[in-house]
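Student: sequence and predicted structure below; questions after.
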Amino acid sequence: MSKQALWSGRFDGGMDESTLRFTSSLDVDSALAFYDVMGSLAHVRMLKEQDIIPVGDADEIIRGLISIVSAMEKGEFETDDSLEDIHTNIEFRLTSMIGPVGGKLHTGRSRNDQVATDLRMYLRDIILEAVMDIDTLAMSMLKVAEEHDGTIMPGFTHMQHAQPVTLAQHMMAHVFRLSRDADRLLNALDRMDRCPLGSAALAGTTYPIDRRMTAEALGFRAPTQNSIDSVSSRDNVLETVFCASMAAIDMSSVCEELILWSSQEFGFIEMADAYTTGSSIMPQKKNPDIAELIRGRTGAVIGDLVSLMTMMKGLPLSYNRDLQEDKGPVMDSMRIVSDGADMLSKVISTMEIKKDAMLRAVGKGFINATDLADYLVTKGVPFRDAHAAVGESVRYCIDNKKELEDLTIDEFRGFSPSIEEDVYDILPVKACVERRLSYGGTSSASTDMQITEAIGMIMERDERIRQETQLIEKCWDDLLKDV
Ligand code: ARG
């Protein structure tokens, strides 16, 4: 059989080689190969069950497809560049193996519903993987938090010393961000949990197919509700890449801080040799390249999102070949996020934390000024007046090169007569931190609670991933059963 023969009836001549090269998607959709065969197995088992094709033919196709999977597993499935995509490659291989009966597989379906289905199965796997990677990263930060609920550092607003916080509190801020990133990906998964297979080219099919059966066989909750929507919508891809962008942005923010913190100016951390690089010219350098690359690649992830949104904007219903361009960006962005999360978790779990440098930094910038104002409020001073009095005392300290805790009680009283000896109890940064007992605040009691909550969330996701993976594996096992 000639390669064009899969659908060459309409054409007199063959496709020009440049047309083939230009239109091919094989370089990206080869990643869908396994899912494509699984989709075909579900489809042919349904065709058999519904008496749409003879049992004997269906069985031949099933055996053929199963042997294609074993070839793939052994790395022996070679794609042929002269066939435009993975779907065509697999069908061609099947027909070459079992003869014209292989042509019955495509009864009641189209590559349009086929590719939409393959992609959803692929997304499901890469989303689960990304969630695991993001949670591994979150766990590495949570471990730092567990060890450092007594490590005090400056908390910043506008990159200026604001109030003292614990490193635990700071780390947990990132953990909750990442936790939402992971949740967001799982939510996206819920919305794509319907199977497009059986929508055929765009209008459904005249054959008495059973779409519930194929949906279930492939591990989807239900079939999609509208055939035109099914072959033309890629909101699931866009949503996934938005989730990837958000995760990339959050990781980039972590990276930016690690880069700053490892600078000589901050000196809060030192990254392990294994996860830093040297300079080709400056022998003393130890560069935070991993963090920089993650920060840099965020641009590519956001670019992937913009490219997908632009591609979809203004597309008429239903399938248009533009849609072929959806795979590259989603594969690219999810790989960047998964790899980035993996590397970043290694950087974080091996970095050295310089507690002393953090504490030294807290001593600068009148970081306990809010606490002094709050103290005055407890003595009955209105907050605005307290704010003004403390502001004056800070200016005095700057002029006289002192910190607030260096002031004598007489100096303090010059700013507010309400200040008493007990002011010295509230000024140490440790006291500032431990008095912030409000829910979500920086005291160790509060951060311990945060840690417990975050662990619970990570464990819940872990359990969901376990269940999803089990379901998917059961589907594959069933589909690969011999006839
Ligand atoms: N390679 C195509 C894609 O990825 C498969 C679907 C082709 N459908 C079509 N009508 N040409 O979108």
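Tutor: Looks like it came in fine.
Student: tell me who's in contact with the residue of the stretch 201-350 of the chain found nearest the ligand.
Tutor: Going by Cβ to the nearest ligand atom, the ligand is nearest to Q324 of the stretch 201-350 of the chain, at 3.6 Å. To be clear about C-beta, it is placed using only N, CA and C from the backbone, and glycine gets the same treatment. Q324 makes contact with S25, D85, V115, according to Cβ atoms under 8 Å, 6 or more residues apart in numbering.
Student: ok, 7 Å please
Tutor: S25 (Cβ atoms under 7 Å, 6 or more residues apart in numbering).
Student: give me the pLDDT for it.
Tutor: Model confidence at Q324, given as pLDDT, is 97.
Student: before we move on, what about V347?
Tutor: Looking at V347, its pLDDT stands at 98.
Student: excluding its backbone neighbours, what's nearest it?
Tutor: Nearest non-adjacent residue to V347, counting by Cβ to Cβ, 6 or more residues apart in numbering: Y275, 4.7 Å away.
Student: ramachandran angles for the residue in the stretch 101-250 of the chain that the ligand sits nearest to?
Tutor: Using Cβ to the nearest ligand atom, the closest approach of the stretch 101-250 of the chain to the ligand is made by R111 at 3.8 Å. The phi/psi pair for R111 (degrees, to the nearest 10) reads phi -70, psi -20.
Student: pull the number of nearby residues for it.
Tutor: Other residues lying near R111 total 21 when counted by other Cβ atoms under 10 Å.
Student: now do A454
Tutor: The tally of other residues near A454 (other Cβ under 10 Å) stands at 20.
Student: so what's it up against?
Tutor: A454 makes contact with L142, M172, V175, F176, S179, according to Cβ under 7 Å, 6+ apart.
Student: separation between it and P428?
Tutor: Shown here: A454 relative to P428, a distance of 28 Å by Cβ to Cβ, to the nearest Å.
Student: now G440
Tutor: To P428, G440 is 23 Å away according to Cβ to Cβ.
Student: N112 now?
Tutor: From N112 over to P428 the distance is 68 Å, taken as Cβ to Cβ.
Student: more neighbours, those two?
Tutor: Taking neighbours as other Cβ under 10 Å, N112 and P428 compare with N112 leading, 21 against 15.
Student: just after the strand or helix carrying the more buried one, pick out the following helix or strand.
Tutor: Assigned by DSSP states H and E, N112 belongs to helix 111-147. Using DSSP H and E, the helix or strand that follows helix 111-147 in sequence is strand 152-157.
Student: off-centre distance for that following strand?
Tutor: 28 Å (Cα atoms, centre = their mean, to the nearest Å).
Student: show residues contacting it.
Tutor: Residues outside strand 152-157 that contact it (Cβ under 7 Å, 6+ apart) are 161-167, 170, 268, 358-359, 361-362, 365, 367, 429-430, 433.
Student: hmm, 10 Å instead?
Tutor: Identification of contacts with strand 152-157 by Cβ atoms under 10 Å, 6 or more residues apart in numbering yields 160-170, 173, 257, 260-261, 266, 268, 353-355, 357-365, 367, 428-430, 432-434, 442.
Student: which ones among those residues map onto helices?
Tutor: Secondary structure defined by DSSP state H assigns 167-170, 173, 257, 260-261, 355, 357-362, 429-430, 432-434 of the contacts of strand 152-157 to helices.
Student: are any of those buried, and which?
Tutor: Using 16 or more other Cβ atoms under 10 Å as the burial test, these include 167-170, 173, 257, 260-261, 357-359, 361-362, 429, 432-434 as buried.
Student: what about the helices in the stretch 151-300 of the chain?
Tutor: All helices of the stretch 151-300 of the chain, identified by DSSP state H, counting those that start in this stretch, fall at 167-191, 211-217, 227-232, 235-261, 289-312.
Student: other SSEs contacting the longest one?
Tutor: Helix 235-261 sits against helix 111-147, strand 152-157, helix 167-191, strand 269-270, helix 289-312, helix 327-350, with contacts defined as 3 or more Cβ pairs under 10 Å, 6 or more residues apart in numbering; DSSP states H and E.
Student: show me which positions of it end up buried.
Tutor: Within helix 235-261, the residues scored as buried using 16+ other Cβ under 10 Å are 236-248, 250-252, 254-255, 257-261.
Student: ok, the first one next?
Tutor: By neighbour count, with 16+ other Cβ under 10 Å as the criterion, the buried positions of helix 167-191 are 167-186, 188-189.
Student: next, the angle helix 327-350 makes with that helix.
Tutor: With axes from the mean of the first three to the mean of the last three Cα atoms, to 10 degrees as the basis, helix 167-191 and helix 327-350 are set at 150 degrees to each other.
Student: one more: the longest one?
Tutor: In this structure, helix 235-261 runs at an angle of 30 degrees to helix 327-350, with the same axes, to 10 degrees as the basis.
Student: near the ligand, which residues of the stretch 201-350 of the chain?
Tutor: Taking Cβ under 6 Å from any ligand atom as the contact definition, the stretch 201-350 of the chain meets the ligand at Y319, R321, L323, Q324.
Student: okay if I get those as JSON lines plus distance to P223 and secondary structure?
Tutor: Converted to JSON lines, those look like this (distance: Cβ to Cβ, whole Å; DSSP: H, G, I helix; E, B strand; the rest coil):
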{"residue": "Y319", "distance to P223": "18", "secondary structure": "coil"}
{"residue": "R321", "distance to P223": "25", "secondary structure": "helix"}
{"residue": "L323", "distance to P223": "20", "secondary structure": "helix"}
{"residue": "Q324", "distance to P223": "23", "secondary structure": "helix"}
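Student: looking at it, A145 is touching T452, isn't it?
Tutor: No: look at A145 against T452 with Cβ atoms under 10 Å: they stay out of range, at 11.1 Å.
Student: and those two? Which one has more around it.
Tutor: When neighbours are counted by other Cβ under 10 Å, A145 comes out ahead of the other of A145 and T452, with 24 against 9.
Student: and the more buried one, how far is that from I86?
Tutor: As judged by Cβ to Cβ, A145 and I86 stand 44 Å apart.
Student: spit out the contact partners of the nearest residue to T117 once chain neighbours are set aside.
Tutor: Nearest residue to T117, sequence neighbours excluded (Cβ to Cβ, 6+ apart): L197, at 4.3 Å. L197 makes contact with 39-40, 42-43, 46, 108-109, 113-114, 116-118, 120-121, 209, 211, 214-215, 217-218, 220, 223-224, 230 under the criterion Cβ under 10 Å, 6+ apart.
Student: can you pull out the low-pLDDT segments for the stretch 51-200 of the chain?
Tutor: By pLDDT under 70, the stretch 51-200 of the chain contains no weakly predicted segment.
Student: the same query, at a cut-off of 90, please.
Tutor: For the stretch 51-200 of the chain, the stretches with pLDDT under 90 are 81.
Student: what does it put close to the ligand?
Tutor: Contacts of the stretch 51-200 of the chain with the ligand, taken as Cβ under 6 Å from any ligand atom, map to D85, R111, N112, V115.
Student: which two among these are spaced furthest apart?
Tutor: Using Cβ to Cβ, those reach their maximum pairwise distance at D85 and N112, which is 11.8 Å.
Student: isn't K474 right next to L218, touching?
Tutor: No: if you go by Cβ under 10 Å, K474 and L218 don't touch, sitting 11.3 Å apart.
Student: which of these two has more residues huddled nearby?
Tutor: Of the pair K474 and L218, L218 is the one with more neighbours under other Cβ under 10 Å, namely 24 against 11.
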